[in-house]
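Q: Task: produce atomic coordinates for the following.
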Amino acid sequence: MKTATANSELKKKRVPGRPKKKISRSDLLMIRLTPTEKQLIGQRAKNAGLKPSEWFRRAAKSARVFPRFTPEESGWFRMLAGMANNLNQLTHLAHVEGLPTLALKCQALIRQIEELLTKLNSHDR
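A: Next up is the predicted model:
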């Protein structure tokens, strides 16, 4: 009789239904993809043996994103754009007045551009 009582106690303790998940994913993030991007993600997920949502979560966790440019680099690019504008103006003047009159200005501007490009190249490393 004890075995019958033990069996009935086991049946009462068991909760019906699916077990609760350890991690509840309640937040939703909507993104827009092109058909090509969606197909690419779907294919990569399939190759990894995952659902696209799980593949995307794992990819997002391991992704490494770099800021496009620092404020200092942005300033350098603005300076470079200004110098390019000056060089175009000097080129136009050289065609009008002749090159020998503007040779020193052009050489000084070229030196400034080279220095700025050196800074940009050394900052990338």
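Q: Outline the domain layout of this protein.
A: Following the TED database, one gets these domains for the chain: 34-65, 71-123.
Q: need those domains in TSV with distance to Pro19 and mean neighbour count, can you?
A: (C-beta placed from N, C-alpha, C; glycine too.) As requested, those are exported to TSV (distance: least, CB to CB, whole Å; neighbours: other CB atoms under 10 Å):
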stretch	distance to Pro19	mean neighbour count
domain 34-65	19	11
domain 71-123	51	12
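Q: which one of the ones you listed has the lowest average pLDDT?
A: With a mean of 82, domain 71-123 has the lowest mean pLDDT of those.
Q: Redo the domains of the chain as TSV? Include distance to Ile23.
A: Listed next are the domains of the chain as TSV, based on distance: least, CB to CB, whole Å:
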stretch	distance to Ile23
domain 34-65	11
domain 71-123	39
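Q: Packing partners of the helix or strand where Asn85 lies?
A: Under the criterion of DSSP states H and E, Asn85 resides in helix 71-97. If contacts are counted by 3 or more CB pairs under 8 Å, 6 or more residues apart in numbering; DSSP states H and E, helix 71-97 sits against helix 103-124.
Q: The helix it packs on: how far from the chain's middle?
A: Computed by CA atoms, centre = their mean, to the nearest Å, the chain-centroid distance of helix 103-124 equals 29 Å.
Q: Only alpha carbons, please: show that helix as CSV.
A: Extracted in CSV, the C-alpha atoms of helix 103-124 (Å, rounded to 0.1, in the frame of the first residue of the first chain):
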residue,chain,number,x,y,z
ALA,A,103,54.7,78.4,-56.9
LEU,A,104,55.6,79.3,-53.3
LYS,A,105,51.9,79.4,-52.2
CYS,A,106,51.3,76.0,-53.7
GLN,A,107,54.4,74.4,-52.1
ALA,A,108,53.3,75.7,-48.7
LEU,A,109,49.9,74.3,-49.1
ILE,A,110,51.2,71.0,-50.3
ARG,A,111,53.4,70.8,-47.2
GLN,A,112,50.4,71.5,-44.9
ILE,A,113,48.4,68.8,-46.7
GLU,A,114,51.2,66.3,-46.3
GLU,A,115,51.5,67.0,-42.6
LEU,A,116,47.8,66.5,-42.1
LEU,A,117,47.8,63.3,-44.1
THR,A,118,50.7,62.1,-42.0
LYS,A,119,48.7,62.8,-38.8
LEU,A,120,45.7,60.9,-40.1
ASN,A,121,47.8,57.9,-41.1
SER,A,122,49.7,57.7,-37.8
HIS,A,123,46.4,58.1,-35.9
ASP,A,124,44.9,55.0,-37.6
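Q: All set, thanks.
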